[in-house]
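J.: Build me a structure from this.
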Amino acid sequence: MNWLETDTENCPVRRALDLVGEKWSLLILRDAFNGVRRYDEFRRHLGLSEAVLADRLRKLVSAGVLRAEPYREPGSRTRYEYRLTPKGVDLWPVLLALKQWGDTHAGEPEGPVLDIRHTDCGAPVRVVVQCEDEERATLSAREVTVRPGPGARPIHP
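T.: Got it, this is the predicted structure:
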């Protein structure tokens with residue numbers, strides 16, 4: 001069976017995009033990684049409507065990417081802060097890869113808008129694809145072979 005003979009309904013890329021592939025969801029996650037926690041902060045920083053923000057936060061919480069933690073300011077009603085779950089934190093390399101691509105192909109002439117560096121040594125941080133057997137062997141897309149895996153299903157005409 002080759003790729004064109006496989007059903008893509010259970011493709012992990014498709015499933016991931018179903019959960020987090022919408023523009024506002026990714027921007028909410030970007031802000032969450034950068035310390036934004038509260039509904040009003042997301043709304044002010046992203047500039048999206050209350051209905052869209054509430055919907056995306058609800059979906060991300062339902063998917064287990066964010067968790068809602070109640071808090072209450074004195075004299076106010078209970079509200080929620082949104083925190084990344086371990087499942088959400090696992091999306092960090094995805095967002096960093098999108099940032100790298102954006103810096104290269106859609107960036108500002110003056111340079112990156114976000115400067116991400118290793119806290120310990122100060123060096124820039126990059127996402128790379130590595131071979132598991134060859135320590136530190138960085139690979140390009142042309143150096144890998146893709147085959148249907150054990151979860152692949154044939155297309156049913």
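
J.: Name the residues of stretch 63-76 that are buried.
T.: By neighbour count on 16 or more other C-beta atoms under 10 Å, the buried set for stretch 63-76 is 65-66. Bear in mind the C-beta positions are built from the backbone N, C-alpha and C, glycine included.

J.: contacting residues around that stretch?
T.: Applying C-beta atoms under 8 Å, 6 or more residues apart in numbering, the contact partners of stretch 63-76 are 19-20, 28-29, 32, 57, 60-61, 78-85, 87-88, 91.

J.: elements contacting the helix or strand of the chain with the lowest mean pLDDT?
T.: Least confident helix or strand, the chain: helix 12-20 with a mean of 92, by mean pLDDT, DSSP states H and E. Packing partners of helix 12-20 (3 or more C-beta pairs under 8 Å, 6 or more residues apart in numbering; DSSP states H and E): helix 23-33.

J.: what's the angle between the helix or strand just after the helix it packs on and helix 23-33?
T.: Where DSSP states H and E defines the elements, the next helix or strand beyond helix 23-33 is helix 39-46. Interaxial angle, helix 39-46 versus helix 23-33 (axes from the mean of the first three to the mean of the last three C-alpha atoms, to 10 degrees): 110 degrees.

J.: Tell me how far helix 39-46 lies from the chain's centre.
T.: Remark: helix 39-46 is offset 18 Å from the chain centroid, using C-alpha atoms, centre = their mean, to the nearest Å.

J.: what is the rounded mean pLDDT of it?
T.: For helix 39-46, mean pLDDT is 96.

J.: Which other helices and strands does it contact?
T.: Going by 3+ C-beta pairs under 8 Å, 6+ apart, helix 39-46 lies up against helix 23-33, helix 50-62, strand 79-84.

J.: residues contacting Tyr39?
T.: Applying C-beta under 8 Å, 6+ apart, the residues contacting Tyr39 are 53-54, 57, 79-80, 82.

J.: Over to Arg153?
T.: Contact analysis of Arg153 by C-beta under 8 Å, 6+ apart lists 6-7, 9-10.

J.: For the nearest residue to Arg38 once chain neighbours are set aside, give me its contacts.
T.: Among residues not flanking Arg38 along the chain, Glu81 sits closest, at 5.6 Å (C-beta to C-beta, 6 or more residues apart in numbering). Counting by C-beta under 8 Å, 6+ apart, Glu81 makes contact with 37-38, 68-69, 71.
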